[in-house]
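Chemist: predicted model follows, preceded by the sequence.
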Amino acid sequence: MAGFANRHLDDDIVARARRGDMRAHELIYREFGAPVYSLLARMTGSRATADDLLQDTFIEVIRSIDRFRGDASLATWIRKIAVSKCLMHMRSAWSNRATLFRDLGEDHPAVQPSVAGGQALAQVHIDLESALARLSDTSRIVVILHDIEGYTHAEIAAQMGKTVSFSKSQLARAHRRLRDALETGHRDAAAGSGAAS
């Protein structure tokens, strides 16, 4: 649950949110807004779309908080709403005309390294994001949900209305494409640095 790990609010805040307490709603947004945005930006590849879906997600969270039963953590529940909103968007007719993963700038959280480690780590992270950008929308979503967010193939299949074998095959193909893209990028970089010497 990348970004959502160790995020927790007291049961009292959730109870107040259920009663319509706007301060409790704000606390929920402050705690979970950044990880939701990061997830949506990675899934859609678009800042503008992530902004819209972030808003849609938290409108749904506030509207539905009285139905939150506590069977899973609040973080898991909010993440599920965000993924659902994103998948609905990806299925929409408007989305089919949109260009995804094209407006991310270098300063966007989705292309920043998540841990310190110098220039090499930053380059690997950017190379991976670039390789992810070249995947189809479906493959990219499966990779992000499985490899980054920790969803099982059964959960992905249920979210996407597909079979478990579809999820597994999408992931295997995506991994092959990512490996090929990264290897090609590294070979090109090595050839470029050799020519510059």
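Modeler: On my side now, so go ahead. Numbers count the residues shown, from 1 in each chain.

Chemist: which non-adjacent residue is nearest the residue positioned nearest the centre of the chain?
Modeler: The C-alpha lying nearest the average C-alpha coordinate of the chain belongs to Leu39 (CA atoms, centre = their mean; 2.5 Å). Counting by CB to CB, 6 or more residues apart in numbering, Ala82 is the residue found nearest to Leu39 once chain neighbours are left out, at 5.7 Å. (C-beta placed from N, C-alpha, C; glycine too.)

Chemist: contact partners for Ala17?
Modeler: Ala24, His25, Leu27, Ile28, Ile62, Ile65 (CB atoms under 8 Å, 6 or more residues apart in numbering).

Chemist: mind putting these into a markdown table with pLDDT?
Modeler: As requested, the contacts of Ala17 are exported to a markdown table (pLDDT from 0 to 100):
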| residue | pLDDT |
| --- | --- |
| Ala24 | 95 |
| His25 | 95 |
| Leu27 | 95 |
| Ile28 | 95 |
| Ile62 | 95 |
| Ile65 | 94 |
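
Chemist: in strands, which of the residues you listed appear?
Modeler: Using DSSP state E, no member of the contacts of Ala17 sits in strands.

Chemist: closest to Arg18 among those?
Modeler: Top of the list for closeness to Arg18, among those and by CB to CB, is Ile65 at 5.4 Å.

Chemist: got a pLDDT number for the residue nearest to that closest one when sequence neighbours are not counted?
Modeler: What sits nearest to Ile65 in space, not counting adjacent residues and going by CB to CB, 6+ apart, is Ala17, at 4.8 Å. What the model reports for Ala17 is a pLDDT of 94.

Chemist: equivalent analysis for Arg47, please.
Modeler: For Arg47, the pLDDT comes out at 85.

Chemist: my guess is Arg177 meets Arg134, correct?
Modeler: Yes - between Arg177 and Arg134 there is a contact at 7.3 Å, judged by CB atoms under 8 Å.

Chemist: how far away from the center of its chain is stretch 73-85?
Modeler: Per CA atoms, centre = their mean, to the nearest Å, the displacement of stretch 73-85 from the mean C-alpha position of its chain is 11 Å.

Chemist: scratch that, stretch 142-152 is what I was asking about
Modeler: 9 Å.

Chemist: ends of that stretch, how far apart?
Modeler: Using CA to CA, to the nearest Å, the span of stretch 142-152 from its first residue to its last is 10 Å.

Chemist: got the domain ranges for the chain?
Modeler: Here the domain parsing of the chain from automatic domain parsing is 1-100, 113-197.

Chemist: ok so, going back, higher neighbour count, Arg177 and Arg134?
Modeler: Arg177 (17 against 12; other CB atoms under 10 Å).

Chemist: all set now, cheers.
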